[in-house]
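Undergrad: Sequence first, then the predicted structure, then my questions.
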Amino acid sequence: MGRFHVHADGVRHEHPHDHEHGHGHGHGHDHDGHDHGEGDPAQRDAQVGDHSGYETGAERVEVLTAILDENERVARANRADFTAAEVRVVNLMSAPGAGKTTLLAETLRRLAGQLRIGVIEGDIETSIDADRLAGFGAEIALVNTGNGFGGECHLDAPMVRSALDRLHLADLDLLVIENVGNLVCPAEFEVGEDQRAMIYSITEGEEKPLKYPVMFRSADLVLINKIDLLPFLDFDLTLFRRNLDAVHPGVPVLEVSARTGEGLDDWCAWLRQPVPAAG
Amino acid sequence: MHELSICRSIAGIAAQHAGGRPISRIHVRVGQLRQIVPDTLTYCWGLVRSDDSELVVESVPASVDCRACGSNTVLTEPVPRCGACGGRDVVVVTGEEFLVTSLELGV
């Protein structure tokens, strides 16, 4: 037995009453432009008629599943492993060329002997960045997103998970996930991190927060890098900070230079904070 | 940019719920605060799909509730601010949706 009706656009709907799977069956009334004659049962019966003999026809199935459901499930698994190992995890994101790897190398050098640090390095094709980070005593796991992951523009939770068995999580205090250089995609994919730090460099233009609001809104800390170049550029720092404040009011900001070391004590102090409470 | 991997997720969710029946249409709901371009998504769907199914994207405008004046207003730019009083203390109510809402299954 099923209720079955044909829309003006020719789409047929049948709603059979024995489902094998656990989902509910929506009646597909959330779209505009079709008259189902819902108001009056007699009118509806007259329009729809008794089609109980039909065994075929289309069916609309309500799903209501988050598209990133699988990613979020794996992110939760990563998070559980990080919590069990008592390791703080920071997802480091930026545009290409903002100075992520240089800043990270300088950070590893400064924190060597103070914190046990692991790095998951996301890069589309090469190990160049991972090579630059070697020699500071940190554990490095490279994820080439071009290697079997289809040249992805971001790290997602399964990619991070694939790197975890190459790290000794229980022996680490801090895990830095250096995401693929990109201001769009990494912001959409949780990987199980505690916090997100974003590196913006003043060679990028003041309007970037307005153009890439999702990433700027998702950051727990924004580093303004290459601040040593300020005298040489037509960069309006006040305008940038106003744009940043418009999309993410109150976000903590540090002005830093990986080259001169300015601001890096504050950055390292931020990284040394204990694991934030879950939630 | 990441629309291809998004489409693979959509395909997986659709297959899981279709129970082996052919899929004619997949309805997805995407908030305008997500960095998803509907046209790019439907284009990528054409590359990823293994059948003739059509991806129908419902785009949801971003709106905020204002804690100061109580208004609900639609955002015209990606800056969280009340459209009535200009207040900054707002809660995003719509615009972050990212769901497969329903499938139309064929015979």
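TA: That came in fine, so what should we check first?

Undergrad: How many residues are close by residue B:47?
TA: For residue B:47, the count of nearby residues is 9 (other CB atoms under 10 Å in any protein chain shown). Every C-beta, even on glycine, is put in place using the N, C-alpha and C of the backbone.

Undergrad: contacts for the host helix or strand of it?
TA: Counting by DSSP states H and E, the element that carries residue B:47 is helix B:38-48. In this structure, residues lying in contact with helix B:38-48 by CB atoms under 8 Å, 6 or more residues apart in numbering or on different chains are B:3-4, B:6-8, B:10-11, B:28, B:30, B:53-55, B:57, B:59.

Undergrad: quick one: low-confidence parts of the stretch 1-150 of chain A?
TA: Residues of the stretch 1-150 of chain A that meet the criterion pLDDT under 70 lie in A:1-57, A:147-150.

Undergrad: one more time with 50
TA: A:1-55 (pLDDT under 50).

Undergrad: just to revisit the earlier point, please list which of the contacts of helix B:38-48 also come close to chain A.
TA: With respect to chain A, and counting by CB under 8 Å from any CB of the partner chain, the subset of the contacts of helix B:38-48 in contact is B:4, B:6, B:10, B:28.

Undergrad: Would you reformat those as a markdown table and include neighbour count and secondary structure?
TA: Output for the ones next to chain A among the contacts of helix B:38-48, formatted as a markdown table (neighbours: other CB atoms under 10 Å in any protein chain shown; DSSP: H, G, I helix; E, B strand; the rest coil):
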| residue | neighbour count | secondary structure |
| --- | --- | --- |
| B:4 | 18 | helix |
| B:6 | 25 | helix |
| B:10 | 23 | helix |
| B:28 | 27 | strand |
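
Undergrad: Need the worst-confidence member of those residues.
TA: pLDDT across those is at its lowest for residue B:4, which sits at 83.

Undergrad: Apart from its neighbours in sequence, what residue is nearest that one?
TA: With CB to CB, 6 or more residues apart in numbering or on different chains as the measure, residue B:44 is the residue that lies nearest to residue B:4, at 5.1 Å, once sequence neighbours are left out.

Undergrad: so which helix or strand takes in residue A:243?
TA: helix A:237-247.

Undergrad: contact partners of the helix or strand just after that helix?
TA: Toward the C-terminal end, the helix or strand that comes next after helix A:237-247 (DSSP H and E) is strand A:253-255. Under the criterion CB under 8 Å, 6+ apart, residues A:221-224, A:227, A:241, A:244, A:262-263, A:266-267, A:270 lie in contact with strand A:253-255.

Undergrad: out of these, which are buried?
TA: When neighbours are counted using 16 or more other CB atoms under 10 Å in any protein chain shown, these contain these buried positions: A:221-224, A:227, A:241, A:244, A:262-263, A:267, A:270.

Undergrad: Which of those fall in strands?
TA: Judged by DSSP state E, these include A:221-224 as members of strands.

Undergrad: of those, closest to chain B?
TA: residue A:222 (16.1 Å; CB to the nearest CB).

Undergrad: my guess is that closest one meets residue A:198, correct?
TA: Yes. Look at residue A:222 against residue A:198 with CB atoms under 8 Å: they come within range, at 5.2 Å.

Undergrad: Show me whatever sits in contact with both of those two.
TA: Counting by CB under 8 Å, 6+ apart, the residues touching both residue A:222 and residue A:198 are residue A:216.

Undergrad: Which elements pack onto the helix holding residue A:243?
TA: For helix A:237-247, the contact count by 3 or more CB pairs under 8 Å, 6 or more residues apart in numbering or on different chains; DSSP states H and E identifies helix A:208-211, helix A:213-218, strand A:221-225 as packing neighbours.

Undergrad: Roughly how far does residue A:187 sit from chain B?
TA: Summarising the geometry, the distance separating residue A:187 from chain B, computed by CB to the nearest CB, to the nearest Å, is 7 Å.

Undergrad: what's the burial count for the residue lying closest to that residue once chain neighbours are set aside?
TA: Using CB to CB, 6+ apart and skipping residues adjacent in sequence, the residue nearest residue A:187 is residue A:215, 4.0 Å away. When neighbours are counted by other CB under 10 Å, residue A:215 registers 27.

Undergrad: Would you check that residue A:215 makes contact with residue A:199?
TA: No. Applying CB under 8 Å, one finds residue A:215 not in contact with residue A:199, separated by 10.9 Å.

Undergrad: circling back: what's the closest of the buried ones among the contacts of strand A:253-255 to residue A:161?
TA: Set against residue A:161, the nearest of the buried ones among the contacts of strand A:253-255 by CB to CB is residue A:221 (24.5 Å).

Undergrad: Is the nearest residue to the closest one once chain neighbours are set aside bridged to anything, and to what?
TA: Counting by CB to CB, 6+ apart, residue A:221 lies nearest to residue A:197, which is 4.6 Å off, once chain neighbours are set aside. The partner list for residue A:197 in beta bridges (DSSP bridges) reads residue A:92, residue A:221.

Undergrad: Just the element for residue B:7, please.
TA: Assigning secondary structure by DSSP H and E places residue B:7 in helix B:3-18.

Undergrad: ok so, going back, tell me who's in contact with the residue nearest to residue A:221.
TA: Neighbouring residues of residue A:197 by CB under 8 Å, 6+ apart: A:90-93, A:219-223, A:270.
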